[in-house]
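> Turn this into a structure:
(one chain, ligands or ions: 1)
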Amino acid sequence: PTGYPFAPIESKWQKYWSDNATFKTPPRSASKPKKYILDMFPYPSGSGLHVGHPEGYTASDVMARYFRQTGHDVLHPMGWDSFGLPAEQYAMQTGTHPEVTTFKNIETFKRQLKSLGFSYDWDKEIATTDPEYVRWTQWIFIQLFNKGLAAQSSVSVNWCPALGTVLANEEVINGLSERGDHPVKRLPLRQWVLEITKYADRLEEGLEGLDWPAGTMTSQKQWIGKSSGCEIVFSTPDSLPPISVFTTRCDTLMGVTYVSLAPEHPLVSDLTAAYQQKEVEAYVAETSSRSDMDRTSNKEKTGVFTGSYCVHPLTGESVPIWVADYVLGSYGSGAVMAVPAHDERDYEFAQKFNLEIKPVVDSSSGSELPFTGTGVNVNSGEFDGLKTGKAKKAVMKKLETLNMGGEKIQYKLRDWLFSRQRYWGEPIPIYFPIKFDDEADSSDPKTCKHTIDYDTPIAVEESELPLELPPMEDFHPGDDPAGCLARAEDWRYFQKDGKWFARETNTMPQWAGSCWYYLRYTDPKNNDQAWSEKADKDWLPVDLYVGGAEHAVLHLLYARFWHQVLYDLGYTQHKEPFQKLVHQGMILGADNEKMSKSRGNVVNPDVVVSETGADSLRLYEMFMGPLEAVKPWQSEQVSGVVRFQRKLYQVCQNIVTEDRATGDDDETTKILHKTMKKVTADIESMSFNTAISTLMVLTNHLSSLKTPASKDTMEKLALMVSPFAPHLGEECWNMLGHSETLAYAPWVEWNDSLTVDNEVTMGVQVNGKVRGEITIGKDVEDEAIAVDLAMAQEKVAKYAEAGKVVKVIFRPGKILNLIVK
Ligand code: ANZ
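The predicted structure follows:
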């Protein structure tokens, strides 16, 4: 028995909140500030919630509850990121339609979240799979398409045969799919691409001014990969187009000893001399299946000479042209000016193929080659003696006057591959005209020979959205890269004004829905618009976004991109969507390993809720350590917070029973005021573990009192504990005579003068040696008073006879040092 009947209390308050619509989002009032508190919505998987989910959700809930009590209008919604592979894979195994599985999983997640007492406004709930939501996701795609930011391209893609789909670069790690670790190959396919690269600089600049974890800012910056350098042109023989290279070290131009092209560079075959053709072709074929990751890894460099030469833009000398796969086709211009003396990759390559190595930067420290640092130019003609920075400027200027190059900003970011050959996703709302081979035989594309005119994409009319998925029974992707929707022929082919068309059969990636859900939450039932201008004005930007660091790059970058486009189109007034971002640290199993089914170390929150209650789970997760820290789950430590709840409940019972009207003793008052100050500051800085331990100290103190503390003190404790343990908070508040919820009761206020200790104990030194101590008022500045107090002590007086003190060093509250002769 815990002595605290949590089960009936928790269900009573959950019913109360729901019956009274306690957490319904208020209409925005002009006089109040707002807080939009957002959780990264979950993918409703088949295994339900694990204890990692409620960590972030509790943190955000504490903040939502705190802000309601501090006079803010709060928007705190929840929903479901419900498209995605697992439901589809489950469907393939069992024949259950993904919609059925998804619906069932959502029910489970919702029941679990409700059992934890989170203060969500469930009227704002959305699911990305809901046709009304899909409608607007497709509408946004059409905005991107109309703006020229969604285009088709035949690109070399990451094809994952096991998953039957193409994956974004971001979803491939070391040549394996991020989901499931399946091998990934490179293939050319017609794909939809979102041109996120057009927003590279905006995405970089927009980070400025956001209150985000430093590590996440850095990850986004590195992903965008802004690099300032120079574009340099090397002319080629036979009036072929020149080779343009991107370099961040144009100061080393005089040290170029060869130029190297990526195997997929468009000039490779034209530049290959006849006698080298076989070798070059073989090399290109051999390297085409290698992933970028593989090519840039530290494996031995490979390459082949084209047999041709280009012209050095400053010296006019011939420079041999090579093909090497350490040069990536997708970065810069797909070609490099190689400077083996000052670049590691070029050095390795030159060593292996016996190419010239010409040092042009003197390190003065006499380091070995390759020397990749900065220094002073040598062997560089007119640039000799210039330091790296100056040399860069001088070379750049020279190239500009010769019209052979100039400044160039380069980004690592690639366009976002947006097609998936899957069933369980939003259909891309595009269709294409059909051309029949034989006009006389053009009654039906299912039976008559035809081609689809992919070069003429047409957006589905807004009035026809949402374009829903066709019902299908077989969800296998199949080997047709058009995807499984290609098999739903009655859906794919349709007639309009007597003409036949074919729908796009690719679907959107799971990221699509999560790119704008925070906007839809502001106006989830709007049938005419994705959200209204007022809703955006009222609630955006998100003031606090809590979620896992695994989304540092992908989701957060994609969502920012859509948001910036929507801003440019005038659909939001806010440049950035997420003002403050916090990542909760992962909760590991007790064995310090990641929780997973296969390790058998998963803790189900349902079990904790039924054994010791929702508040115990909430309190424990916030008490385990700093929110951002990775920490192991230790079931036995839940009992600590259970004891705390029991004690707090007993203190409240005693106070109510004794019903005393008198005030508290000075010590209690002081502890209370210090607690109010500290807990408030800790919540503001999201240092929840220290807030809870401070509440524990106060509770222990109150429970140790012979005469129970005042009702007023208990009320304050109930208010302070309520963001963490809302059921317990409400119960105490109710016992203290309040008939209404404390969810909107004003937050505690303290008296600052009661939070400082007015007296301090400080050491007294004589000639720098501690000889005693005095207790003195904190703000006593008069040194005579301090000296009198000190001399009143026998021990001090013994060393510092009055009259012999020649100097007094007194820093109030800190030190008293008497110097004697
Ligand atoms: C000459 C040079 C001399 C370079 C030197 C470096 C040091 P970041 O900073 O990542 O932008 N590079 C350019 N395009 C490339 C491609 N498609 N594939 C592989 N490497 C490429 O890197 C820019 C540098 O990476 C460029 O500067 C170029 O090598 C190489 F002492 O040019 B450098």
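> burial count for D788?
As a burial measure, D788 scores 11 neighbours (other CB atoms under 10 Å). Every C-beta, even on glycine, is put in place using the N, C-alpha and C of the backbone.
> surely V256 meets M337?
Yes - V256 is within contact range of M337, at 4.6 Å (criterion: CB atoms under 8 Å).
> what helices or strands is the strand or helix carrying Q220 leaning on?
Assessed by DSSP states H and E, Q220 sits inside helix 214-224. With contacts taken as 3 or more CB pairs under 8 Å, 6 or more residues apart in numbering; DSSP states H and E, helix 214-224 sits against helix 200-205, helix 554-568.
> again, 6 Å this time
When contacts are defined as 3 or more CB pairs under 6 Å, 6 or more residues apart in numbering; DSSP states H and E, helix 214-224 packs onto helix 200-205.
> what about the helix it packs on and the ligand, touching?
No - counting by CB under 6 Å from any ligand atom, the ligand is not contacted by helix 200-205; separation bottoms out at 12.9 Å.
> Export that helix to PDB, keeping only CA atoms.
Extracted in PDB, the C-alpha atoms of helix 200-205 (Å, rounded to 0.1, in the frame of the first residue of the first chain):
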ATOM      1  CA  ALA A 200      20.400  27.000 -48.900                       C
ATOM      2  CA  ASP A 201      21.500  30.500 -47.900                       C
ATOM      3  CA  ARG A 202      18.100  31.300 -46.300                       C
ATOM      4  CA  LEU A 203      18.200  28.100 -44.300                       C
ATOM      5  CA  GLU A 204      21.700  29.000 -43.100                       C
ATOM      6  CA  GLU A 205      20.900  32.600 -42.200                       C
END
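> So what's the model's average confidence on it?
Mean pLDDT, helix 200-205: 96.
> Flag every residue of the stretch 201-350 of the chain that's near the ligand.
Residues of the stretch 201-350 of the chain lying near the ligand (CB under 6 Å from any ligand atom): 227, 246-249, 252, 262, 327-328, 331-332, 334, 336-337, 339, 342-343.
> Show the buried residues in those.
246-247, 249, 252, 262, 327, 331-332, 334, 336-337, 339, 342-343 (16 or more other CB atoms under 10 Å).
> Counting neighbours, what do you get for the closest residue to M735 other than its chain neighbours?
Counting by CB to CB, 6 or more residues apart in numbering, V656 is the residue found nearest to M735 once chain neighbours are left out, at 5.1 Å. Using other CB under 10 Å, V656 has 15 neighbouring residues.
> V656 - that's part of a helix, no?
Yes - when DSSP: H, G, I helix; E, B strand; the rest coil is applied, V656 is found to be in a helix.
> Distance-wise, check it relative to M714.
V656 sits 8 Å away from M714, going by CB to CB, to the nearest Å.
> burial measure for the closest residue to Y493 other than its chain neighbours, as a count.
Distances taken as CB to CB, 6+ apart put P445 closest to Y493, at 4.7 Å, once the chain neighbours are dropped. Residues lying near P445 (other CB under 10 Å) number 21.
> okay, now the domains of the chain?
The chain is divided into the following domains under automatic domain parsing: 6-139+511-588, 148-210+416-503, 227-410, 635-754, 759-820.
> between those, which one is nearest to T216?
Nearest to T216 among the domains of the chain is domain 6-139+511-588 (4.4 Å), distances taken as CB to CB.
> could you say which helix or strand contains I321?
strand 318-324.
> helices or strands next to that strand in the packing?
Against strand 318-324 (3+ CB pairs under 6 Å, 6+ apart) you get strand 258-261, strand 303-311.
> Y423 is nearest to which of these?
strand 258-261 (40.7 Å).
> would you put the C-alpha positions of the closest one in PDB?
Provided in PDB are the C-alpha atoms of strand 258-261 (Å, rounded to 0.1, in the frame of the first residue of the first chain):
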ATOM      1  CA  TYR A 258      46.700  17.900 -62.700                       C
ATOM      2  CA  VAL A 259      42.900  18.400 -63.000                       C
ATOM      3  CA  SER A 260      40.600  15.600 -62.100                       C
ATOM      4  CA  LEU A 261      37.000  15.000 -63.200                       C
END
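> Pairing partners for that strand, with directions?
The strands beside strand 258-261 in its sheet (DSSP bridges) come out as strand 318-324 (parallel), strand 335-338 (antiparallel).
> mind listing what D181 touches?
With contacts defined as CB atoms under 6 Å, 6 or more residues apart in numbering, D181 has no neighbours.
> follow-up on the earlier one: quickly compare the strands paired with strand 258-261 and say which is most buried.
Of all those, strand 335-338 carries the top mean neighbour count, a mean of 27, counting by mean count of other CB atoms under 10 Å.
> model confidence over that one, on average?
Mean predicted lDDT for strand 335-338 stands at 98.
> which SSE is E715 in?
Using DSSP H and E, E715 falls in helix 711-721.
> now for that helix, which elements pack on it?
Using 3+ CB pairs under 6 Å, 6+ apart, helix 711-721 sits against helix 638-658, helix 726-735.
> Neighbours of the residue of the stretch 1-150 of the chain found nearest the ligand, how many?
With CB to the nearest ligand atom as the measure, L149 is the residue of the stretch 1-150 of the chain nearest to the ligand, at 24.2 Å. Counted with other CB under 10 Å, residues neighbouring L149 total 21.
> same check, this time on V641
The tally of other residues near V641 (other CB under 10 Å) stands at 25.
> Specify the local secondary structure of the closest residue to V62 other than its chain neighbours.
Using CB to CB, 6+ apart and skipping the chain neighbours, the partner closest in space to V62 is P723 (4.2 Å). Look at P723: counting by three-state DSSP, its state is coil.
> Would you list the phi and psi of P723?
phi -60, psi -30 (degrees, to the nearest 10).
> and the gap between it and F305?
P723 is 69 Å from F305, by CB to CB.
> The two: which is more packed in?
Using other CB under 10 Å as the criterion, P723 and F305 rank with P723 on top: 27 against 18.
> who in the chain is up against the ligand?
Near the ligand, when you scan the chain using CB under 6 Å from any ligand atom, you find 227, 246-249, 252, 262, 327-328, 331-332, 334, 336-337, 339, 342-343, 410.
> which parts of the helix holding E715 are buried?
K711, T713, M714, E715, K716, L717, A718, L719, M720, V721.
> Same question for stretch 180-200.
184, 186, 189, 191-200.
> Tell me which of the residues of the chain next to the ligand fall in strands.
Using DSSP state E, the subset of the residues of the chain next to the ligand located in strands is S227, F246, T247, V336, M337, Q410.
> Can you tell me which of the residues you listed is nearest V460?
Q410 (36.5 Å).
> That closest one is in contact with S330, isn't it?
No - counting by CB atoms under 6 Å, S330 is not a contact partner of Q410; they are 11.6 Å apart.
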